[in-house]
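# Let me see the structure of the following:
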Amino acid sequence: MTTAPEAGAPVADPPRTVVHLLRHGEVHNPHRLLYGRLPGYHLSELGRRMADLAAEHLGDHDVVHVVSSPLERARETAAPVAESHGLEVTVDDRVTEALNKFEGLEVAGGRGFLRHPTKLPLTLNPFRPSWGEPYTQIVERMRRAIVSAREVARGHEAVIVSHQAPIWMIRLATEGRPLVHNPTRRECSLASLTSFTFIGDELLSLSYSEPAASLLDQAQPGAGA
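Numbers count the residues shown, from 1 in each chain. Down below sits the predicted model:
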């Protein structure tokens with residue numbers, strides 16, 4: 001049975017919780033393939049340095065929970081963050097890369113589509129989009145993952161390591177912006193942080209930062225996603 005607080009007793013403020021969405025670092029992708037969910041794509045040496053900078057940036061934060069996409073590049077980015085806080089990494093399929101029917105083709109960075117004319121019909125409906133996982137589905141799975149991380153880390157901070165498209169989609173939805181967008185204009189650089197601050201269950205603010213900004217000009221085209 002719950003006991004009601006005595007009259008005049010102070011009521012505790014709802015806890016402040018921060019959920020950081022960390023995009024992975026640069027990937028070794030010399031052939032500039034759109035690798036999507038394909039296995040075997042690991043961080044480059046530069047990407048590992050980016051992950052270390054992100055971990056250093058979060059070193060003095062009150063991180064109690066670290067989550068990662070199941071893909072190698074995300075788990076490798078999560079590792080130094082978790083290690084710096086003495087935590088294990090929890091793998092969550094809900095924060096994986098967006099499904100894309102161009103996987104395995106040399107179209108990273110939006111180039112090379114004309115070499116695959118049979119695939120061009122996949123680009124006809126950008127509103128769904130026709131080439132992969134629906135935007136609304138990406139938003140919903142990311143939303144559920146954020147809520148789960150917030151509950152585990154309530155009153156502290158959590159880090160979810162994910163990918164550019166899922167992070168950008170949940171940001172657009174949170175800010176009430178249209179989900180249809182130009183991928184080249186996403187504000188979600190390698191090893192960047194998109195941070196959601198909650199008071200109780202209510203979103204207080206959303207912020208963006210780039211712990212690896214000093215390394216971004218060294219990244220190779222097609223090494224993101």
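# For Val89, see how far away the residue nearest to Val18 when sequence neighbours are not counted is.
Once flanking residues are discounted, Val18 sits nearest to Glu157: 4.4 Å by Cβ to Cβ, 6 or more residues apart in numbering. C-beta here means a position set from N, CA and C on the backbone, and glycine is covered the same way. Remark: distance between Glu157 and Val89 (Cβ to Cβ, to the nearest Å) = 15 Å.
# again, but for Arg128
32 Å.
# quick one: Ile199 and Arg16 touch, right?
Yes - counting by Cβ atoms under 8 Å, Ile199 touches Arg16, with 5.7 Å between them.
# Around Leu53, how many other residues sit close by?
Per other Cβ atoms under 10 Å, the neighbour tally for Leu53 reads 19.
# so where is this structure shaky, pLDDT-wise?
For the chain, the stretches with pLDDT under 70 are 1-9, 107-127, 130, 222-225.
# Looking at it, which helix is longest?
If you go by DSSP state H, the chain has its longest helix at helix 135-152.
# Ser192 and Pro211 touch, don't they?
Yes - applying Cβ under 8 Å as the test, Ser192 and Pro211 come out as touching, 7.4 Å apart.
# who's more crowded, those two?
Neighbour totals were compared for Ser192 and Pro211, and Ser192 leads with 24 against 20 (other Cβ under 10 Å).
# Please report how far that one lies from Glu140.
For Ser192, the distance to Glu140 - Cβ to Cβ - is 23 Å.
# Centroid-nearest residue for the protein?
Computing the C-alpha centroid of the chain and ranking residues by Cα atoms, centre = their mean puts Ser162 first, at 3.2 Å.
# How are the helices of the protein distributed by residue range?
45-57, 72-84, 135-152, 164-174.
# Those into JSON lines, with extra columns for distance to Leu216?
As requested, those are arranged in JSON lines below (distance: least, Cβ to Cβ, whole Å):
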{"stretch": "helix 45-57", "distance to Leu216": "8"}
{"stretch": "helix 72-84", "distance to Leu216": "15"}
{"stretch": "helix 135-152", "distance to Leu216": "24"}
{"stretch": "helix 164-174", "distance to Leu216": "13"}
